[in-house]
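Trainee: 3D, please:
(one chain, ligands or ions: 2)
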Amino acid sequence: MKYFILFGPPGAGKGTQATAMVENYNLRHISTGELLRKEIADGTELGLKAKSLIDAGALVPDEIVEGMIESVFRKTTGVNGFLLDGFPRTVAQADALDAMLAKNSEEVTAVVSIMIPDEMIRERIKHRASIEGRADDANDDTISNRIRTYHDKTEPLVEYYKGKGKYHEIDGTGTIEDVRKAIAALMDRF
Ligand code: AP5
Ligand code: MG
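Mentor: Ligands and ions are numbered 1, 2, ... in the order given. Next comes the predicted model:
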């Protein structure tokens, strides 16, 4: 199995680009954000726990998302691999992922990182707020906190995966089509 990590700050275009990637390479898309939003919509206990943290722009506890990921890994068959969108988001989650994969002598294939500057994060999220109505897109304080959380907790993963020789960065500031082409050129190497 191949394990691709789709990395990038909030609003970078991970969800947008994931659709073509999973089709072209027969991957299972796992967005921890989408899974958590579904738990909230279904009113589950996990969703209740996650809601206040997500609405504040904070991360949910590592164990919760690690459990979600492992359960999808176990249940999925018939694909060439996985596209992890929004996971891992902390060094602890990255270590947990390595440990999960090592059980079957597997490892992360590559990190595809879509990079945009902070100001563009705000523009993209504001634009999406008018279309999708996500609770964590609605409020400036929440957006600021998501950006801060990204820099504090998630950005250290850039060095983590560079150290393992797995980090590949794409310029996310072009059009959706520009970014799609750059990702396809990269993915064709794996
Ligand atoms: P999550 O759902 O993962 O949100 P995120 O990381 O903040 O990323 P987004 O979904 O906001 O952005 P995206 O990169 O997918 O951008 P999109 O393609 O939509 O997480 C939400 C929350 O859940 C977290 O804050 C946390 O609380 C919790 N959570 C999730 N995973 C967790 C984990 N592992 N651990 C702990 N907590 C976790 O694009 C954005 C907009 O821009 C769209 O409108 C799109 O149309 C537009 N756009 C995209 N590309 C372009 C382009 N090239 N040019 C112009 N517009 C573009
Ligand atoms: Mg997304």
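Trainee: State the three-state secondary structure for the residue of the chain found nearest ligand 1.
Mentor: With CB to the nearest ligand atom as the measure, residue 33 is the residue of the chain nearest to ligand 1, at 1.8 Å. (Glycine included, C-beta is placed from N, CA and C.) At residue 33, secondary structure determined by DSSP: H, G, I helix; E, B strand; the rest coil is helix.
Trainee: What's the local residue count around the closest residue to it other than its chain neighbours?
Mentor: Using CB to CB, 6 or more residues apart in numbering and skipping the chain neighbours, the partner closest in space to residue 33 is residue 86 (4.8 Å). Using other CB atoms under 10 Å, residue 86 has 22 other residues around it.
Trainee: residue contacts, the residue of the chain found nearest ligand 2?
Mentor: Among all residues of the chain, residue 15 sits closest to ligand 2, at 3.3 Å; criterion: CB to the ion. By CB atoms under 8 Å, 6 or more residues apart in numbering, the contact set of residue 15 is 31, 34, 85.
Trainee: Leaving aside the residues adjacent along the chain, what's closest to the last one?
Mentor: If I follow you right, that is residue 85. Residue 85 sits nearest to residue 31 (CB to CB, 6+ apart), 4.1 Å away.
Trainee: Contact partners for that neighbour?
Mentor: 14-15, 18, 85-86.
Trainee: These in helices, which ones?
Mentor: Among those, the members found in helices (DSSP state H) are 14-15, 18.
Trainee: out of these, who's nearest residue 133?
Mentor: residue 15 (14.7 Å; CB to CB).
Trainee: Next, find the distance separating the most centrally placed residue in the chain from residue 165.
Mentor: The structure's the chain has its C-alpha centroid closest to residue 86; by CA atoms, centre = their mean the separation is 1.6 Å. For residue 86, the distance to residue 165 (CB to CB, to the nearest Å) stands at 23 Å.
Trainee: what's across from residue 85 in the sheet?
Mentor: Beta-bridge pairing of residue 85 under DSSP bridges involves residue 6, residue 31.
Trainee: list the contacts for it?
Mentor: So residue 85 contacts 6, 14-15, 18, 29-34 (CB under 8 Å, 6+ apart).
Trainee: What of residue 190?
Mentor: Residue 190 touches 2, 4, 109-110, counting by CB under 8 Å, 6+ apart.
Trainee: That's all I had, so thanks and see you.
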